[in-house]
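Asks: from the sequence below, what's the structure:
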Amino acid sequence: MALIMGRDAYVHCALFLPSSSGFSDDLFSSILTHMPTLATNKQAYHNYQVLDEHEAGIVLTGPEVKSTKLGHINLKGAYVSVRQGALWLINTHISAYPRAAGQYHEPTRDRKLIMRRKEIDSLLGKEKSHGLTIVPLSVYTKGGLIKVKLGVCRGKKQHDKRAAIKKKESDRRIQRSLRHKV
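Replies: Numbering: from 1, shown residues only. Below is the predicted model:
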């Protein structure tokens with residue numbers, strides 16, 4: 001079963017392939033549910049220790065959705081804030097979609113995140129009781145929707161950052177030497 005996008009609706013059609021070809025419905029279901037990552041927040045992984053991860057939806061306008069799906073989104077310096085019991089994504093830059101002629105949006109406007117009330121309450125409890133912060137880690141698509149991976153994080157000290165860099169460099173050196181020996 002494959003999914004073909006028409007002009008106004010999705011059309012399902014069956015693909016009949018010979019069994020000797022090695023294709024199966026599992027292959028097509030994995031293609032349809034593939035979640036490409038649109039943006040990652042590398043700075044967050046460097047500055048914070050990620051303790052827990054959660055998934056949230058995001059409220060976007062039409063041109064913002066198109067621009068985001070093209071990968072024109074930047075999470076550098078972005079964070080999550082709480083206003084009136086709702087989560088808001090602050091300081092995320094989404095470039096203007098060039099083909100949206102009359103529709104202008106502010107690139108760094110605040111965007112609302114969508115989660116269940118229980119999940120929001122647990123995030124807020126962790127944030128307040130342990131002195132942690134909530135940071136967006138990545139943006140990806142899931143079933144045609146745009147999702148944000150949020151991380152409950154603790155800030156790293158400068159010496160922790162240096163130790164992590166040293167460890168990465170030594171691992172790279174070891175991998176290089178193993179590749180050249182083989």
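
Asks: just the strands in this protein please.
Replies: Ranges of strands in the chain, per DSSP state E, are 2-5, 10-13, 37-40, 48-58, 73-74, 79-83, 86-90, 93-94, 111-114, 133-142, 145-155.

Asks: how far does the third one sit from the chain's center?
Replies: This means strand 37-40. Distance of strand 37-40 from the chain centroid (C-alpha atoms, centre = their mean, to the nearest Å) equals 5 Å.

Asks: what's that strand packed up against?
Replies: Helices and strands touching strand 37-40, by 3 or more C-beta pairs under 8 Å, 6 or more residues apart in numbering; DSSP states H and E, are strand 73-74, strand 133-142. All C-beta atoms are positioned from the backbone trio N, CA, C, and that covers glycine.

Asks: please repeat the previous calculation with a cut-off of 10 Å.
Replies: helix 62-69, strand 73-74, strand 133-142, strand 145-155 (3 or more C-beta pairs under 10 Å, 6 or more residues apart in numbering; DSSP states H and E).

Asks: pLDDT on it, on average?
Replies: The average pLDDT within strand 37-40 is 84.

Asks: residue contacts, the nearest residue to L145 once chain neighbours are set aside?
Replies: Leaving aside its sequence neighbours, L145 sits nearest to G57 (C-beta to C-beta, 6 or more residues apart in numbering; 6.4 Å). Taking C-beta atoms under 10 Å, 6 or more residues apart in numbering, we find G57 in contact with K112, L113, I114, M115, K142, L145, I146, K147, V148.

Asks: picking up where we left off before, which among the strands of the chain is found nearest to R172?
Replies: Judged by C-beta to C-beta, the one of these that comes nearest to R172 is strand 37-40, at 19.4 Å.

Asks: about what we covered before: tell me which of the helices and strands packed on strand 37-40 sits nearest to D52.
Replies: strand 145-155 (4.2 Å).

Asks: what's the spacing between the residue nearest to I134 when sequence neighbours are not counted and K128?
Replies: Leaving aside its sequence neighbours, I134 sits nearest to V80 (C-beta to C-beta, 6+ apart; 4.0 Å). Counting by C-beta to C-beta, to the nearest Å, the gap from V80 to K128 is 13 Å.

Asks: same deal with P98?
Replies: 42 Å.

Asks: check contacts around the residue nearest to the spatial centre of the chain.
Replies: Centroid-nearest residue in the chain, with C-alpha atoms, centre = their mean: V139, separated by 2.1 Å. When contacts are counted by C-beta under 10 Å, 6+ apart, V139 touches 37-41, 58, 68-69, 71, 73-75, 78, 89, 92, 94, 146-149.

Asks: mind redoing it with 7 Å?
Replies: Applying C-beta atoms under 7 Å, 6 or more residues apart in numbering to V139 gives the contacts L38, A39, T68, I73, L75, I146, V148.

Asks: that concludes my questions; thank you for your assistance.
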